[in-house]
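S.K.: got a sequence here, can you build the structure:
(one chain, ligands or ions: 1)
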Amino acid sequence: MSQLPCTQLPAWSALSRRFESHGRDFDLREAFASDPKRFDHWSLQAPFVFADLSKNLIDSTTEALLLDLARESGLQAHRDAMFAGERINNTEQRAVMHWLLRAAPADPSMPAQSVHKHMQALHHEVQHVQSQVLEFAERVRADDALTDIVNIGIGGSDLGPQMAVRALSDQCMPGKRLHFVSNIDGHELSSVLKQLRAQNTLFIVASKTFTTLETLRNAESAKAWFLEQGGAGVERHFVALTTNVAAAADFGIETCFGFWDWVGGRFSLWSAIGLPLAIAIGAKGFRAFLAGAHAMDEHFRTAPLQANLPVRLGLLDVWYRNFHGFTSRNIAPYHSHLQRYPAYLQQLEMESNGKSVNASGQLLGTGTAGVVWGEPGTNGQHAYFQMLHQGSDVIPVEFVAVKTPTHQLAGHHDALLANALAQAQALMLGQADPGGHRHFPGNRPSSFFLLESLTPQSLGALLALQEHRVFVSGALWGINSFDQWGVELGKVLAKDVLGRIHSGRLDGLDGSTEGLMRQILANTAKQDEPGF
Ligand code: F6P
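M.R.: Sure thing, here's the model as predicted:
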């Protein structure tokens, strides 16, 4: 990547000038009027994902400048370094190789992934562990006594598997209930435990580091509950997914599936962390999921920049964030099974690129990741779409829809698709009522992703697409997208505060924390009074 902050690259200045002359006042309606083939020019078929980018505030001159920025920032070399296994996560001195986990396509007609020679031994190891995980998943599927599977994990050890299991719920095996517990708030675990019988439950303790407070607390409580219920055979009912096999063994878990430090937490769904999904959709389904992602990896690795969907999306993200000044993007999945997709993308994008310094530690002085948020359509329409249409901020919307549903109910899917298309249309076209309450300014940008249907392959491709677009914007900004130091300070302080809640020691605290602690401690004291 470039050693210079992105704002000092020549293309950045050219883009600033372009924004003043042809960006600020760009009008989508005029763009369509002057180019009847705009849809064809601005849509792209990537593996399993068709993307219509035509309703974005961009023209070909601006895109050419953004491509210059990509070249000047060293995007291609950075991408190639990832696929060569170089330690591009420089602050942790780690390679970034989640793509290697999906490098063996299930479908032999897929293009072969060229795994560099020096990585082939590692690739074999990956495939060996993968086979063990998938064999275990098949054993769980065949074990009728195991009716409930509880995944205990947080962040990347929760959001990915939970989102994917929900997304593919129509393909999930009947007779197995999957639960996800992430929050240290005991309300969550206790409400799941109420539904379980110890002898019918498998607990999966998922933690890359096996040091995460929330997960360890929940796992301890689950184990205590299991023993209290007379559960026998912890080894059969608890399994760990972690890179820290020793810590899992200390915890008393014998069955453990490992992975590698070069798999970031938010990129770990493809590793052993995907076990809940493998149990839900089976080994064949999971391999198809990997194959879909692999096809997108190949597209990202080999397609020319201007025909490369992750690249095009990453360029747009930078154009919107840094030149238009848009601070968020709405995610609008028109598929109710994609309920947790926005939450998954929040971690993927905001934990990766929510940073203010570049990889060399220099302050960037410009915006990076904005806020990613959303809910499935059409529910969002009846909540916050008002703001998307008439609010004071422009918020680009990213629609996802499928052509073919997996249900048979008449009259639903056409109406769903009509809503999605109409919303995108209304955002762009607007409606004139100058000065009136029915005025829609229009010219509000959106992208539209269309999948044939929601399958393991298409979901895998969609997620890999999102991973790589985050890679692209991160590379353009010159930041390290693969560390997450920003979450550490809160963890350290929480330990201190917990100690103080136990000891009642308040010295040296800031005024607000001290005041709140006094309230909490007074309540604890009250609860200790007889008759409370
Ligand atoms: O707190 C952030 C984080 O480190 C995420 O990056 C990670 O996905 C999550 O915590 C959970 O970590 P682990 O899998 O190690 O428990």
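S.K.: how about the residues of the chain near the ligand?
M.R.: Contact residues, the chain versus the ligand (C-beta under 6 Å from any ligand atom): 154-157, 207-209, 212, 215, 265-266, 351, 484, 487. All C-beta atoms are positioned from the backbone trio N, CA, C, and that covers glycine.
S.K.: could you dump those into TSV with pLDDT added?
M.R.: Converted to TSV, the residues of the chain next to the ligand look like this (pLDDT from 0 to 100):
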residue	pLDDT
I154	98
G155	98
G156	98
S157	98
S207	97
K208	95
T209	95
T212	96
T215	97
G265	97
R266	98
E351	98
Q484	97
V487	95
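S.K.: which ones are touching I279?
M.R.: The contact partners of I279, taken as C-beta atoms under 8 Å, 6 or more residues apart in numbering, are 137, 140-141, 149, 173, 176, 178.
S.K.: which one's the longest helix in the protein?
M.R.: helix 275-302 (DSSP state H).
S.K.: quick one: contacts for A401?
M.R.: A401 neighbours (C-beta under 8 Å, 6+ apart): 333-335, 416-417, 420, 448-451.
S.K.: nearest residue to it other than its sequence neighbours?
M.R.: Closest residue in space to A401, ignoring its immediate chain neighbours: Y334 at 4.2 Å, by C-beta to C-beta, 6 or more residues apart in numbering.
S.K.: pull the distance from whichever strand or helix holds D40 to the chain's centre.
M.R.: For D40, the element it lies in under DSSP states H and E is helix 38-41. Averaging C-alpha positions (C-alpha atoms, centre = their mean, to the nearest Å) puts helix 38-41 29 Å from its chain's average.
S.K.: any idea how far the closest residue in space to E235 that isn't next to it in sequence lies from L122?
M.R.: Using C-beta to C-beta, 6+ apart and skipping the chain neighbours, the partner closest in space to E235 is E254 (4.3 Å). According to C-beta to C-beta, to the nearest Å, E254 stands 26 Å off from L122.
S.K.: those two: which is more packed in?
M.R.: Between E254 and L122, counted using other C-beta atoms under 10 Å, the more crowded position is L122 (17 against 12).
S.K.: within the helices and strands, which one has the more buried one?
M.R.: helix 120-142.
S.K.: and the end-to-end length of stretch 343-363?
M.R.: Taking C-alpha to C-alpha, to the nearest Å as the measure, stretch 343-363 stretches 28 Å from start to finish.
S.K.: number of nearby residues for the residue in the stretch 301-450 of the chain positioned nearest to the ligand?
M.R.: Residue nearest to the ligand within the stretch 301-450 of the chain: E351 (5.8 Å; C-beta to the nearest ligand atom). Neighbourhood size, E351 [other C-beta under 10 Å]: 22.
S.K.: give the contact list for the residue of the stretch 351-500 of the chain found nearest the ligand.
M.R.: In the stretch 351-500 of the chain, the residue that lies nearest the ligand is V487 (3.8 Å; C-beta to the nearest ligand atom). By C-beta under 8 Å, 6+ apart, the contact list for V487 reads E351.
S.K.: helix, strand or coil for it?
M.R.: helix (DSSP: H, G, I helix; E, B strand; the rest coil).
S.K.: returning to that earlier point: filter the contacts of I279 to the buried ones?
M.R.: Buried by 16 or more other C-beta atoms under 10 Å: 137, 140-141, 149, 176, 178, out of those.
S.K.: okay if I get those residues as a markdown table plus distance to M428 and pLDDT?
M.R.: Below are the buried ones among the contacts of I279 laid out as a markdown table (distance: C-beta to C-beta, whole Å; pLDDT from 0 to 100):
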| residue | distance to M428 | pLDDT |
| --- | --- | --- |
| A137 | 45 | 98 |
| V140 | 48 | 97 |
| R141 | 46 | 97 |
| I149 | 44 | 98 |
| K176 | 44 | 96 |
| L178 | 39 | 98 |
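S.K.: and for D35, nearest residue in space, chain neighbours not counted?
M.R.: H41 (6.7 Å).
S.K.: any idea how far the one you found lies from the ligand?
M.R.: 39 Å (C-beta to the nearest ligand atom, to the nearest Å).
S.K.: do I have it right that that residue meets S34?
M.R.: No: if you go by C-beta atoms under 8 Å, H41 and S34 don't touch, sitting 11.7 Å apart.
S.K.: helices along the stretch 201-350 of the chain, start to end?
M.R.: 213-228, 234-237, 245-251, 275-302, 309-318, 341-345 (DSSP state H, counting those that start in this stretch).
S.K.: contacting residues for the nearest residue to S268 once chain neighbours are set aside?
M.R.: Closest residue to S268 apart from its sequence neighbours, by C-beta to C-beta, 6+ apart: G156 at 5.0 Å. The contact partners of G156, by C-beta under 8 Å, 6+ apart, come to 208, 264-269, 273, 347.
S.K.: A278 now?
M.R.: 133-134, 137, 285-286.
S.K.: could you measure from it over to P161?
M.R.: Distance from A278 to P161, by C-beta to C-beta: 9 Å.
S.K.: A422 now?
M.R.: A422 is 34 Å from P161, by C-beta to C-beta.
S.K.: check L241 too.
M.R.: 9 Å.
S.K.: so what sits against both of A278 and P161?
M.R.: If you check A278 and P161 against C-beta under 8 Å, 6+ apart, no residue is contacted by both.
S.K.: nearest to R438, of the contacts of I279?
M.R.: Comparing the contacts of I279 against R438 with C-beta to C-beta places L178 closest, at 46.0 Å.
S.K.: paired strands for whichever strand or helix holds the closest one, with orientation please.
M.R.: Per DSSP H and E, L178 falls inside strand 177-181. Partners of strand 177-181 in the sheet, by DSSP bridges, are strand 148-152 (parallel).
S.K.: hmm, who's touching the helix or strand that the strand it pairs with is followed by?
M.R.: Going down the chain from strand 148-152, the next helix or strand is helix 159-167, by DSSP H and E. Outside helix 159-167, the residues that touch it by C-beta under 8 Å, 6+ apart are 151, 153, 172, 178, 180, 182, 206, 266, 268-269, 273-277, 280, 289, 335, 337-341, 343-344, 347, 454, 459, 463.
S.K.: again, only this time at 7 Å
M.R.: Under the criterion C-beta atoms under 7 Å, 6 or more residues apart in numbering, residues 151, 172, 178, 180, 268-269, 273-274, 276-277, 280, 337-341, 343-344, 347, 454, 459 lie in contact with helix 159-167.
S.K.: run the angle between that helix and strand 177-181 for me.
M.R.: 150 degrees (axes from the mean of the first three to the mean of the last three C-alpha atoms, to 10 degrees).
S.K.: and helix 159-167, how far out from the chain middle?
M.R.: Chain-centre distance of helix 159-167: 10 Å, with C-alpha atoms, centre = their mean.
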